[in-house]
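Undergrad: what follows is a predicted structure for the sequence shown.
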Amino acid sequence: MNRALLLYNALRKFPRADIGIFPTPIQQLHNLEKRVGHSPLWIKRDDLTGLAFGGNKTRNLEFLLGDAVSKNCDTIIVPGPIQSNLCCITAAAANKLGLRCIQIFNDEKPTEITGNSTLNYLLGADSRYIGKVDLDTQAKYMENLANNLKAKGERPYVVYNGASTPLGALGYVKAALEIYEQVLKSKANMESIVIAAGYGGTAAGLIYGIGVLGIPFKVHVISVEFDKQTLRSIFQNFMPELERLLGLSFDCSIDDVAVIYDDYMGEGWGCSTKESEKMVHLFPQTEGIFVEKVYTSKPLVGMMDLLSKKAFASREGVCYWHTGGLPALFAQVKQC
């Protein structure tokens, strides 16, 4: 049995919520190719996953909320910062599935709603602001809330760690299979993928899936939060968990599949850089596609820098994986 079929059959075992539109398209970036003098360049449009304003979290939630529905849960609890794309997409997915969603924000209630806060309001989400507390305090609040709901006979399901759990990462194991099949069918010249990593679940799922498939692509991971040693450790911790879930060995090393960069994150999570601020103008003015300042712009900055340094071979097909998160741009635009 070939590797793709093995992976497909392993993923079929898990319940999934029908909340996204897949496969997402791959498009060629003709104008950017002319600008940088390298071809072909591609984009994988996970900003078009079909729920709310799209984004990578739809793939994670496909498996997490599939698990919640299979367990007959009725309330989804999700934490995040005030402009969390995960919280917004979770509220949209909960509405689609007929579930209640409680969002827990570790910030003060905003005096003016913008970006994802506007969408949360329109979605009718139960948004709770618990002040500028640390992640441990936020987690304890969620745990207490879940216990209180259980005591009332409700059935809560908590989305942990930005949906970057082994079960959530299956969304990007599946995405690895998706892009592999798209490239085979289209015969596109694509050898490298450039993608962002925060908590690491998205990139970990992709790395695992590509490893199981026999490494058809090299993954260039642009960190937006952790140094590369920490991020590599996060990926390494994911691999045995994904092996356990799927029953398929990851018979290679992280470095066989991926190159990790921490050169483009600036001060880290939630912070823009001069280069990322420029990119929120350059990319839509070049290709008509928007990115935001603190996450999706940074892998583009990294890709452009690597191209300028001739890090990719001539005629090597390189794909920027757009992970969405565009509503946050409306909260950032005054700062651009």
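TA: Received it, and whenever you're ready, just let me know what you need.

Undergrad: what's the spacing between V36 and Y157?
TA: Taking C-beta to C-beta, to the nearest Å as the measure, V36 falls 44 Å from Y157. Placement of C-beta: from N, CA and C, glycine included.

Undergrad: neighbour count winner among the two?
TA: Shown here are V36 and Y157; by other C-beta atoms under 10 Å, Y157 has more neighbours (20 against 16).

Undergrad: where does pLDDT dip in the protein?
TA: For the chain, applying pLDDT under 70 flags the ranges 1, 333-336.

Undergrad: can you list the domains in it?
TA: 3-55+165-335, 57-163 (automatic domain parsing).

Undergrad: and the end-to-end length of the shortest one?
TA: If I follow you right, that is domain 57-163. 7 Å (C-alpha to C-alpha, to the nearest Å).

Undergrad: residues in contact with the spatially closest residue to L246 that is not a sequence neighbour?
TA: In this structure, L246 finds its nearest non-sequential neighbour in A10, 4.2 Å apart by C-beta to C-beta, 6 or more residues apart in numbering. When contacts are counted by C-beta atoms under 8 Å, 6 or more residues apart in numbering, A10 touches L246, G247, L248.

Undergrad: can you give me the strands for this protein?
TA: 26-28, 41-45, 75-80, 100-105, 126-129, 156-158, 192-197, 218-223, 258-261, 318-322 (DSSP state E).

Undergrad: can you list those strands in CSV and add distance to S297?
TA: Shown next, in CSV, are the strands of the chain (distance: least, C-beta to C-beta, whole Å):
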stretch, distance to S297
strand 26-28, 18
strand 41-45, 13
strand 75-80, 20
strand 100-105, 23
strand 126-129, 26
strand 156-158, 30
strand 192-197, 9
strand 218-223, 10
strand 258-261, 14
strand 318-322, 10
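
Undergrad: the ones you listed: which one's closest to E275?
TA: With C-beta to C-beta, the closest approach to E275 among the strands of the chain belongs to strand 218-223: 11.5 Å.

Undergrad: CA atoms only for stretch 10-23, dumped as CSV, please.
TA: The C-alpha atoms that make up stretch 10-23 are tabulated as CSV, following Å, rounded to 0.1, in the frame of the first residue of the first chain:
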residue,chain,number,x,y,z
ALA,A,10,-5.2,6.5,9.2
LEU,A,11,-6.9,9.9,9.1
ARG,A,12,-10.3,8.4,8.3
LYS,A,13,-10.6,6.9,11.8
PHE,A,14,-11.2,10.3,13.4
PRO,A,15,-14.5,12.1,13.5
ARG,A,16,-14.4,15.4,11.7
ALA,A,17,-16.7,18.4,11.8
ASP,A,18,-17.8,19.6,8.3
ILE,A,19,-16.9,23.3,8.8
GLY,A,20,-14.4,24.1,6.0
ILE,A,21,-14.1,24.2,2.2
PHE,A,22,-11.2,21.9,1.1
PRO,A,23,-9.0,21.6,-0.8
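
Undergrad: distance of D18 from E33?
TA: 36 Å.

Undergrad: chain neighbours aside, what residue packs nearest to I210?
TA: For I210, the closest residue by C-beta to C-beta, 6+ apart turns out to be A176, at 4.9 Å.

Undergrad: ok, the one you found - how many residues close by?
TA: Burial of A176 is recorded as 25 neighbouring residues (other C-beta under 10 Å).

Undergrad: what about the closest residue to T286 other than its chain neighbours, neighbour count?
TA: Nearest residue to T286 in three dimensions, chain neighbours excluded: N31, at 4.9 Å (C-beta to C-beta, 6+ apart). When neighbours are counted by other C-beta under 10 Å, N31 registers 14.

Undergrad: surely N31 meets E287?
TA: Yes: assessed by C-beta atoms under 8 Å, N31 is found in contact with E287 at 5.6 Å.

Undergrad: who touches W42 in this structure?
TA: With C-beta under 8 Å, 6+ apart, W42 has these contacts: I26, Q27, Q28, L29, A188, M190, G317, V318, C319, Y320.

Undergrad: specify the beta-bridge partners of it.
TA: Per DSSP bridges, the residues bridged to W42 are Q28, C319.

Undergrad: from Y261, how far out is it?
TA: 19 Å.

Undergrad: next, count neighbours for L149.
TA: 17.

Undergrad: what do you get for T137?
TA: If we define neighbours as other C-beta under 10 Å, then T137 has 13 of them.

Undergrad: residues in contact with it?
TA: N106, I130.

Undergrad: try 7 Å this time
TA: Residues near T137 by C-beta atoms under 7 Å, 6 or more residues apart in numbering: none.

Undergrad: then G268?
TA: Applying C-beta under 7 Å, 6+ apart, the residues near G268 are E225.

Undergrad: ok, 10 Å please
TA: G198, S223, V224, E225, F226, D227, D262, V294 (C-beta atoms under 10 Å, 6 or more residues apart in numbering).

Undergrad: which residue packs closest to the second one, ignoring adjacent ones?
TA: Right, S223. D262 (4.6 Å).
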